[in-house]
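S.K.: Okay, sequence plus prediction incoming.
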Amino acid sequence: MNSVPIKAGMLGGTFDPIHHGHLRSALEVREALGLDQLHMIPAPKPPLRGAPQVSAEQRMALLQAGIGTTPGLYADSRELRREGPSYSVDTLAELRAEYGEQARLVMVIGFDAFLRLPQWQQVDTLFSLAHLVVMARPGYQASWSDELRELVGQREVEGVDALMQRPNGGVLLLSLPSMMAISATYIRQRLREGKSVRYLLPEAVEEAILHKGFYQDVE
């Protein structure tokens, strides 16, 4: 009897801080794709910005607090432990080695990142390791560049079942029902101004931020 291949995904981000928009999207992606495990992977270095700086380890701790006991979501610190520059293709290679050749491996990205796909490191290698699932916002339209159309080519599939026929190499645009318009920038701004962030992020994350004084220093 053939065993059903495991389905796993990775969703990277700065998560600075993790909020309900990130977490609800992760949950809806996992449900839509039928993933056994979705690795939420904090990037080592968020874009440069003014004080306060919250360390990568602290962002990881907030992510763990935010996920809590949610089934199928996993706070994965591997990119924080890696020496030198950290590229998605390296993470996918590690996950592919861990899950095996027949696993259905998916990299989940936002639509804005998808539009920049031709500029990515080793993008052809990416497709040899995993599928690409793009979180599309309902009603959001943006034109694809010629380079992006050429890169995607015949890879795009119509649905999850078609995507999961193979271990890697497909592209699926996936509309999520919620897609909360919550911004980490907005949350950091409210914290600097001493304003409430209740209901923008999980209570455990809010409590940790307020207790530690994260994002609240003003230059």
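M.R.: Perfect, thanks for sending it.
S.K.: from here on, contacts and neighbour counts on C-alpha atoms
M.R.: Fine.
S.K.: Quick check: buried residues in the longest helix along the chain?
M.R.: In the chain, taking DSSP state H as the definition, the longest helix is helix 20-33. Across helix 20-33, burial judged by 16 or more other CA atoms under 10 Å covers 20, 21, 22, 23, 24, 25, 26, 27, 28, 29, 30, 33.
S.K.: before we move on, what about stretch 57-70?
M.R.: 58, 59, 60, 61, 62, 63, 64, 65, 66, 67.
S.K.: Pull the distance from it to the chain's centre.
M.R.: Centre-to-centre, stretch 57-70 and its host chain are 14 Å apart (CA atoms, centre = their mean, to the nearest Å).
S.K.: Tell me which residues are up against that stretch.
M.R.: Residues outside stretch 57-70 that contact it (CA atoms under 8 Å, 6 or more residues apart in numbering): 15-19, 23, 42, 73-75, 77, 80, 201-202, 204-205, 208.
S.K.: Out of those residues, list just those in helices.
M.R.: Using DSSP H, those in helices are 23, 80, 204, 205, 208.
S.K.: Mind jotting down where the strands sit in the protein?
M.R.: For the chain, strands defined by DSSP state E occupy the ranges 7-13, 37-42, 73-75, 104-110, 131-136, 171-175.
S.K.: elements contacting the second one?
M.R.: So that's strand 37-42. Strand 37-42 sits against strand 7-13, helix 20-33, helix 56-67, strand 73-75, helix 78-81, with contacts defined as 3 or more CA pairs under 8 Å, 6 or more residues apart in numbering; DSSP states H and E.
S.K.: Cheers, nothing more for now.
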